[in-house]
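Undergrad: okay, predicted coordinates and the sequence, questions at the end:
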Amino acid sequence: MAQPEGLLYSKEHEWVKIDGDRATVGITDYAQDSLGDIVYVELPKVGKQVAQSAAVGVVESVKAVSDLFTPVGGEILEVNSALENDPALVNREPFEGGWMFKLKLDGDSQKAGLLSAADYKTFTKEG
Amino acid sequence: MKRTALYGEHVKLRARLIPFGGFDMPVQYESILKEHEAVRKRAGLFDLSHMGQFILEGDGVADWADRLTVNAVPTMKPWQARYNIFTNERGGAHDDVIFYRLENRWLLVVNAGNADKMWKHLNDNAGGSGVKLTSLHGRNSLIAIQGPSSVAMLRPHADFDLNALKYYFCTEGKVYGKDAIVARTGYTGEDGFELFVDGADAPEIWNKLLADNASSGLIPAGLGARDLLRLEAGMPLYGHELTEEITPLQAGLDWVVKLEKPEFLGKAALAAQKSADDYARIVGIVMDGRAPAREGYHVFLGEKRVGEIRSGSIGPSVGNKSIGTALLEKEAATPGTDVVVHIRGTAYGAKVVELPFYKRSYKIGAA
């Protein structure tokens, strides 16, 4: 399983890339592998205010429906519209083309509770 | 949790195992969609050893079974296979099964989840009939090879002319030198064979089939692919389209229900249901968008709730449309009807269609 450095990870298996007051969120390689073939992604509406750890969407594989949580809170700026017609992008490129949404962060104290790549790797091995 | 004789092979193949019908079963190996595609285009290999296998013996088997089921049993020819449904007194489905008529006995294959219930039902009804029942459940294995290439893949390893075997017929022979009952049956909508073999022989047959046909694209396929294949092919899955409450008529299986038979358990209820013709029924559903319809989602005709989704997925063989089955009131069940499916509080448009969603484009049988 890949878990790139420089990203932060949640225990719900989302990753977040923070760049100043902007953040990009997706699900991890571990998450896409556990779910299997992803056939549908429901993303939040642009402009919506979301709280850290809130359920903001849904990721569906052939067999299962899973909530998508946001590891950080803020205002949704953009969602990945490519996933509408090609949800399998999440399986192929979970950290690149398969990103889910971008948001404007509420504040900068949100990194608490998120894991480094090394800690996330340990977490998935224990889990 | 019980294990089939092929459990060790599934572990080696790094299958994802789930409890199903009392057994740890592979739901997928590498990918449900890849396994689905292999079966539609080439072939896939399934372990179905969790299914119940019962042997029925005695002169009276055909007439006895005929009184417990909706389809005709006595008219089956030697070596013929026939889909059938055991019903309860209300006409609901106790289980859907396949009878295989062998030389001097019958093989009955029941759903894994119903195996214990069916074993009791058969024994409860066997008294005085002279029918002898033997359960091979968990001892015998069932390996299915399914897909358009399955005949070419299996033929070199059978000691009989595999291609002479007709659709829904079976024979006894040897596969890789091992005794097998080989049937041209399946649950995928494709050509294919089901091999009933001793559990002790199953790993060797499984591994040889995979090794000898790897270059032709044979891959192991799990229960996830199987469910998707059967849904596209419009075949019912017990617990979804058929239950103790959902009758074969409601499931759209009128062709299976022989009301002209003199007597069978549930006949009166089914005859009354048929003549009243006011019952909720299983239909195909195609969603307007890509959101999958899942079991239990409510279906509306205008403002009125008219039923619920019973199975749903995306259909790779039907343009990745979101497809499913629904049990709908008669007023909403006509193909072409526009309905609404509620998904997580949002209304999505959908259309009622005829089943199946997918039909193979070739004929099965001797070429």
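TA: That came through fine.

Undergrad: where does the prediction get shaky in chain A?
TA: Applying pLDDT under 70 to chain A flags the ranges A:108-109, A:127.

Undergrad: which residues of it lie near chain B?
TA: By C-beta under 8 Å from any C-beta of the partner chain, the residues of chain A that approach chain B are A:36-37, A:39-40, A:42, A:58, A:60-63, A:65, A:84, A:87-88. Where you see a C-beta, it was placed from the backbone N, CA and C, and this is true even at glycine.

Undergrad: mind giving me the PyMOL select for those, buried ones only?
TA: Remark: buried members of the residues of chain A next to chain B, expressed as a PyMOL selection using 16 or more other C-beta atoms under 10 Å in any protein chain shown:
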select buried, chain A and resi 36+37+39+40+42+58+60+61+62+63+87+88
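
Undergrad: now the two most distant members of the residues of chain A next to chain B.
TA: The largest separation in the residues of chain A next to chain B, counting by C-beta to C-beta, is between A:Lys63 and A:Glu84 at 20.8 Å.

Undergrad: related to what we said a few turns ago, out of the residues of chain A next to chain B, which are inside strands?
TA: Using DSSP state E, the members of the residues of chain A next to chain B that fall in strands are A:39-40, A:42, A:58, A:60-61, A:65.

Undergrad: from those residues, pick the one nearest chain B.
TA: A:Val39 (4.5 Å; C-beta to the nearest C-beta).

Undergrad: can you name the residues that contact the closest one?
TA: Shown in contact with A:Val39 (C-beta atoms under 8 Å, 6 or more residues apart in numbering or on different chains): A:60-62, A:87-88, B:290, B:292, B:313-314, B:320.

Undergrad: assign whichever residue of the stretch 201-350 of chain B sits closest to chain A to helix, strand or coil.
TA: Residue nearest to chain A within the stretch 201-350 of chain B: B:Ile314 (4.5 Å; C-beta to the nearest C-beta). Following DSSP: H, G, I helix; E, B strand; the rest coil, B:Ile314 is assigned to strand.

Undergrad: I'd say it and B:Arg290 touch.
TA: Yes: here B:Ile314 reaches B:Arg290: they are 7.1 Å apart, a contact under C-beta atoms under 8 Å.

Undergrad: can you classify the residue nearest the centre of chain A by secondary structure?
TA: Ranked by distance to the mean C-alpha position of chain A (C-alpha atoms, centre = their mean), the top residue is A:Gly26 at 2.6 Å. Secondary structure assignment for A:Gly26 (three-state DSSP): strand.

Undergrad: how would you label the residue nearest to it when sequence neighbours are not counted: helix, strand or coil?
TA: Distances taken as C-beta to C-beta, 6 or more residues apart in numbering or on different chains put A:Trp99 closest to A:Gly26, at 4.3 Å, once the chain neighbours are dropped. Counting by three-state DSSP, the backbone at A:Trp99 sits in coil.

Undergrad: tell me the contacts of A:Glu78?
TA: Contacts for A:Glu78 (C-beta under 8 Å, 6+ apart) come out as A:46, A:101-102.

Undergrad: burial check on B:Lys363, number of neighbours?
TA: For B:Lys363, the neighbour count with other C-beta atoms under 10 Å in any protein chain shown is 9.

Undergrad: and it, which of the three is it?
TA: Three-state assignment for B:Lys363 (three-state DSSP): coil.

Undergrad: hang on, B:Val131 packs against B:Phe54?
TA: No: in this structure, B:Val131 is not within contact of B:Phe54 by C-beta under 8 Å, at 10.7 Å.

Undergrad: can I see the domain layout of chain B?
TA: B:7-49+B:138-232, B:51-135+B:247-278, B:280-353 (automatic domain parsing).

Undergrad: quick one, which of those domains is packed in tightest?
TA: The highest mean neighbour count among the domains of chain B, using mean count of other C-beta atoms under 10 Å in any protein chain shown, belongs to domain B:7-49+B:138-232: a mean of 20.

Undergrad: how distant is stretch B:53-67 from the center of its chain?
TA: 21 Å (C-alpha atoms, centre = their mean, to the nearest Å).

Undergrad: quick one: end-to-end distance for that stretch.
TA: One end of stretch B:53-67 to the other measures 20 Å (C-alpha to C-alpha, to the nearest Å).

Undergrad: look up the closest residue to B:Val353, ignoring the ones flanking it.
TA: Nearest residue to B:Val353 in three dimensions, chain neighbours excluded: B:Gly284, at 4.2 Å (C-beta to C-beta, 6+ apart).
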